[in-house]
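Novice: Sequence first, predicted coordinates after that:
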Amino acid sequence: MPTFFTVDRSGALASGMEIAIRRHTDINPPFLQKHVDAMFPDGVSKHGDLYFLNNESRANVTGPAIELLFEYVRRAHFPDKPSRFASFFAVDSLPAAIEFNAKYGGGAAAIWEVEANAHFRGDMTLLTSGQSNLFYSYFAHLYWSGEAGPEKPFWEILLACPVKVLQLAVPAVGT
């Protein structure tokens, strides 16, 4: 089984841990619970919590509206690909994890080696903010096709849960 690397910005991973998706049953109002259950009957990942269920969260790489557009393009045109909302994120090399950590983790987060049975590789740069809807539609199709965008690609790996945390590759700074 191939292994990958993930940056643990929340400091929550440990060797031997298994990461799974979670089904929420406390969403209000009830019609939104039905909507979530219809879209993700098995549950969502932490990424799904952040970008789909929690409207208060904002990130420095992408935004909830962009994530939603990419999800609907996936559902309409690439249903065989794993949802970003039900995936765990990694990269395919330690140098890529170090680069991601420096850019988005302040360079201080631990990096872990992980494995999963199924994965998909997409160009993360296609999700960055600041484009028109036309561009995002085009970028979503490129992303789910596994193609690079017009900028230097940064390949992220979507891992289908469950994901197994294997070993610490680089400890967090200050530990």
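Specialist: Perfect, I can see it now.
Novice: Helix or strand: which one has Val165?
Specialist: Val165 is part of strand 163-170 when elements are defined by DSSP states H and E.
Novice: List every C-alpha atom in that strand, with coordinates, as CSV.
Specialist: Provided in CSV are the C-alpha atoms of strand 163-170 (Å, rounded to 0.1, in the frame of the first residue of the first chain):
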residue,chain,number,x,y,z
VAL,A,163,-6.6,6.5,7.0
LYS,A,164,-4.0,4.9,9.2
VAL,A,165,-1.3,7.1,10.8
LEU,A,166,2.0,5.2,10.6
GLN,A,167,4.9,7.1,12.1
LEU,A,168,6.2,10.6,12.8
ALA,A,169,8.3,11.8,9.9
VAL,A,170,9.3,15.3,11.2
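Novice: I figured Tyr23 hits Asp42, correct?
Specialist: Careful, residue 23 is Arg and not Tyr. Yes. The pair Arg23 / Asp42 is scored as a contact, 6.5 Å apart, by Cβ atoms under 8 Å. Bear in mind the C-beta positions are built from the backbone N, C-alpha and C, glycine included.
Novice: Across the sheet, point out what pairs with Ala110.
Specialist: Counting by DSSP bridges, Ala110 is bridged to Asp8.
Novice: Next, count neighbours for it.
Specialist: Around Ala110 there are 21 other residues, counting by other Cβ atoms under 10 Å.
Novice: so what's it scoring on pLDDT?
Specialist: Ala110 is assigned a predicted lDDT (pLDDT) of 96.
Novice: do you know how far it is from Cys161?
Specialist: Relative to Cys161, Ala110 is positioned 20 Å away (Cβ to Cβ, to the nearest Å).
Novice: same thing with Leu50?
Specialist: For Leu50 relative to Cys161 (Cβ to Cβ), the value is 15 Å.
Novice: and what of Thr125?
Specialist: As judged by Cβ to Cβ, Thr125 and Cys161 stand 24 Å apart.
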